[in-house]
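A.B. asks: predicted structure and sequence below. I'll ask about it afterward.
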Amino acid sequence: MKKALARLRAKTDRELSILAQKQIEQTMTLAGQGRYRDAARAYGIARRLLVVAELPERQRARMESQLARVRESIELPAQACA
């Protein structure tokens, strides 16, 4: 039973990783189109997916780095308007 649960958790984490990566890509696309409110929403979803997923440290660091770059592109235009 424990093996089955471990396999299921591993599969879930892989799927969460894929979803988070797609969400990060969508965030970058939306920010590139100037749709900052939508990009911020997509950013929040990606951030929550990463919190839940148990990812290898290197993969998590790479995705966190991508999110940090995207966050800067979302925040800078908003600050320019203020």
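C.D. replies: All right, it came through fine.
A.B. asks: contacts and neighbour counts: CA atoms only from here.
C.D. replies: Fine.
A.B. asks: now Ile74: how far from Ala39?
C.D. replies: Applying CA to CA, to the nearest Å, the value for Ile74 to Ala39 is 7 Å.
A.B. asks: give me the distance from stretch 62-75 to the chain's centre.
C.D. replies: 9 Å (CA atoms, centre = their mean, to the nearest Å).
A.B. asks: whoops, stretch 48-59 was the one
C.D. replies: 9 Å.
A.B. asks: that one: end-to-end distance?
C.D. replies: 16 Å.
A.B. asks: how close does the residue most central in space within the chain sit to Asp13?
C.D. replies: Taking CA atoms, centre = their mean, the centroid of the chain lies closest to Ala46, which sits 2.9 Å from it. Ala46 is 14 Å from Asp13, where distance means CA to CA.
A.B. asks: re earlier: need the overlap of contacts for Ile74 and Ala39.
C.D. replies: Contact criterion CA atoms under 8 Å, 6 or more residues apart in numbering; residues shared by Ile74 and Ala39: Ala31.
A.B. asks: any idea which helix is longest in the chain?
C.D. replies: Secondary structure of the chain read by DSSP state H shows that its longest helix is helix 2-32.
A.B. asks: quick check: what element follows that helix along the chain?
C.D. replies: helix 36-52 (DSSP states H and E).
A.B. asks: what angle do whichever helix or strand comes after that following helix and helix 36-52 make?
C.D. replies: Remark: after helix 36-52, the chain's next helix or strand is helix 57-81, criterion DSSP H and E. Helix 57-81 and helix 36-52 are oriented at 160 degrees to each other (axes from the mean of the first three to the mean of the last three CA atoms, to 10 degrees).
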